[in-house]
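S.K.: the sequence isn't on hand, but the structure is:
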């Protein structure tokens, strides 16, 4: 309960024992209530904060460029107002907008990094990228909350992560909650061969490779809720643990039988949410009878992806046994691995904004539904390399008031919903602000221009609304 840090250079797990780490309860992250401009030393938050002078915080980018995330130190706090010790370098958007009766929330997330209990590697690890690690294995138990974990994980070393449940099976009741994990060298939180863990309300910032990580595809029943990921860093070629770490995902999801609710992927150098589903589990879980590509989706609801270098929600590109990735068709069935009837996977209430090189959403599969989405300020809103897959009751916004400093590639033709493969379609969807100019072509509807694969004649748009589009 004291405010003085408790530091540890290395904590090597619980092998049949118990780890109990409980820091002071703090308000972990919130959004701005007004835009914070470059040069400003004041933040207006959406709620009164319990932050203190000297606390370190991180502001997420609200631009196309994920590297506009920035750290700051708190000078003072008065209710919703937070004064900073130094001026901001970038603009951070802080206003909600309304389109077709639906709120577009592009306000910057601000996360607290400071805690009164600290696990950290030594200063030499900043150069070597060889820090401490925390592992729970062999029947151990972990309840960890309110802790700061920094300079942890070991670059390109398997199973040496900042926080790691390792081949535990059921871990009912165990949790990792309201922690900060930042400036780490190999992931953020790993759930490996373990089921029913709770990962809730954490802030992950400036980590190398995939951040919130399901390792093999045998992990089920885990809850990822209200977590924030900011600036997931790309591993240099030749220094990646997995080949896919060169395009890292803030949330790397290898089995759909898990719950993802109200998480934010804010500024990965790769993907936001990547459903990287193997045919069968890999690694130490090889031999499992599970079939991730045919497993029903438990819950994906209210998640947000923005300012990522690649696609916000990518359902494709599953891992092979050697760690490479290849095209992956997600087709859930009532009983995976059989010819039982197909079931529909619902991706609900998803928001994706400010994606440049990728898309807001890319789905590859059968019987998938993107429901009640808000997709704004993206180079391309959504593309489905799928069959019997629809976007319904959604809003696509070509250009919002959040202009940002970074622009889409010169001459790139911006599209909202993109027809490809099929049968796919858009139903009860509103398109706003897709207007071509002399400098750029824009359209609410388009097709995958650079691809020779066929477009199904059954593809359709139904009950579409166009506003300034």
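M.R.: Nice, thanks for sending it over. Source: prediction; values computed, not measured.
S.K.: okay, and for the stretch 101-250 of the chain, where does confidence drop off?
M.R.: Within the stretch 101-250 of the chain, no stretch has pLDDT under 70.
S.K.: all helices for it, in order.
M.R.: 125-128 (DSSP state H, counting those that start in this stretch).
S.K.: for residue 126, give me its contacts.
M.R.: Shown in contact with residue 126 (Cβ atoms under 8 Å, 6 or more residues apart in numbering): 151, 183. No exception for glycine: its C-beta is placed from N, CA and C like everyone else's.
S.K.: gap between it and residue 115?
M.R.: 19 Å (Cβ to Cβ, to the nearest Å).
S.K.: same deal with residue 388?
M.R.: Distance of residue 388 to residue 115, computed by Cβ to Cβ: 47 Å.
S.K.: in terms of neighbours, single out the busier of the two.
M.R.: Neighbour count, other Cβ atoms under 10 Å: between residue 388 and residue 115, residue 115 has more, with 24 against 18.
S.K.: and residue 439, how many neighbours does it have?
M.R.: 8.
S.K.: assign it to helix, strand or coil.
M.R.: Under DSSP: H, G, I helix; E, B strand; the rest coil, residue 439 falls in the coil class.
S.K.: so which residue is dead centre in this protein?
M.R.: When Cα atoms, centre = their mean is applied to the chain, the residue found nearest the centroid is residue 265 (2.9 Å).
S.K.: that residue reaches residue 309, doesn't it?
M.R.: No: with contact defined as Cβ atoms under 8 Å, residue 265 does not count as touching residue 309 (11.4 Å).
S.K.: residue boundaries of the strands in the stretch 201-350 of the chain?
M.R.: Assigned by DSSP state E, counting those that start in this stretch, the stretch 201-350 of the chain shows strands spanning 203-208, 212-214, 223-225, 228-233, 249-253, 259-261, 264-266, 271-275, 299-301, 304-306, 313-315, 318-319, 325-326, 345-348.
S.K.: distance check, the residue of the chain most remote from its centre against residue 411.
M.R.: The centre of the chain is farthest from one residue, residue 438, which by Cα atoms, centre = their mean lies 35.1 Å away. Distance, residue 438 to residue 411, using Cβ to Cβ: 11 Å.
S.K.: what do you get for residue 420?
M.R.: Residue 420 is 21 Å from residue 411, where distance means Cβ to Cβ.
S.K.: for residue 239, same thing?
M.R.: Applying Cβ to Cβ to residue 239 and residue 411 gives a distance of 34 Å.
S.K.: give me the more crowded residue out of those two.
M.R.: Neighbours per residue, other Cβ under 10 Å: of residue 239 and residue 411, the larger number sits with residue 239, 14 against 8.
S.K.: what's the closest non-adjacent residue to that one?
M.R.: Excluding its sequence neighbours, the residue lying closest to residue 239 (Cβ to Cβ, 6 or more residues apart in numbering) is residue 156, at 5.8 Å.
S.K.: give the contact list for that neighbour.
M.R.: If you count contacts by Cβ under 8 Å, 6+ apart, residue 156 has them with 186, 235, 239, 240, 241.
S.K.: ok so, going back, what would the strands of the stretch 201-350 of the chain look like in a markdown table with distance to residue 369?
M.R.: Below are the strands of the stretch 201-350 of the chain laid out as a markdown table (distance: least, Cβ to Cβ, whole Å):
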| stretch | distance to residue 369 |
| --- | --- |
| strand 203-208 | 29 |
| strand 212-214 | 22 |
| strand 223-225 | 21 |
| strand 228-233 | 25 |
| strand 249-253 | 17 |
| strand 259-261 | 16 |
| strand 264-266 | 20 |
| strand 271-275 | 14 |
| strand 299-301 | 11 |
| strand 304-306 | 18 |
| strand 313-315 | 12 |
| strand 318-319 | 20 |
| strand 325-326 | 24 |
| strand 345-348 | 5 |
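S.K.: residue 465 contacts residue 429, doesn't it?
M.R.: Yes: look at residue 465 against residue 429 with Cβ under 8 Å: they come within range, at 7.4 Å.
S.K.: secondary structure of residue 74: a strand, I assume?
M.R.: Yes: the assignment for residue 74 is a strand, going by three-state DSSP.
S.K.: ok, it touching residue 51?
M.R.: Yes: Residue 74 is within contact range of residue 51, at 5.2 Å (criterion: Cβ under 8 Å).
S.K.: which neighbours do those two have in common?
M.R.: 57, 82.
S.K.: and residue 152, how many neighbours does it have?
M.R.: For residue 152, the neighbour count with other Cβ under 10 Å is 30.
S.K.: one step back: distance of the residue nearest to residue 239 relative to residue 57?
M.R.: Distance of residue 156 to residue 57, computed by Cβ to Cβ: 30 Å.
S.K.: which ones are touching residue 214?
M.R.: Counted by Cβ under 8 Å, 6+ apart, residue 214 has contacts 191, 192, 222, 252, 253, 254, 255, 258.
S.K.: chain neighbours aside, what residue packs nearest to it?
M.R.: Once flanking residues are discounted, residue 214 sits nearest to residue 254: 4.6 Å by Cβ to Cβ, 6+ apart.
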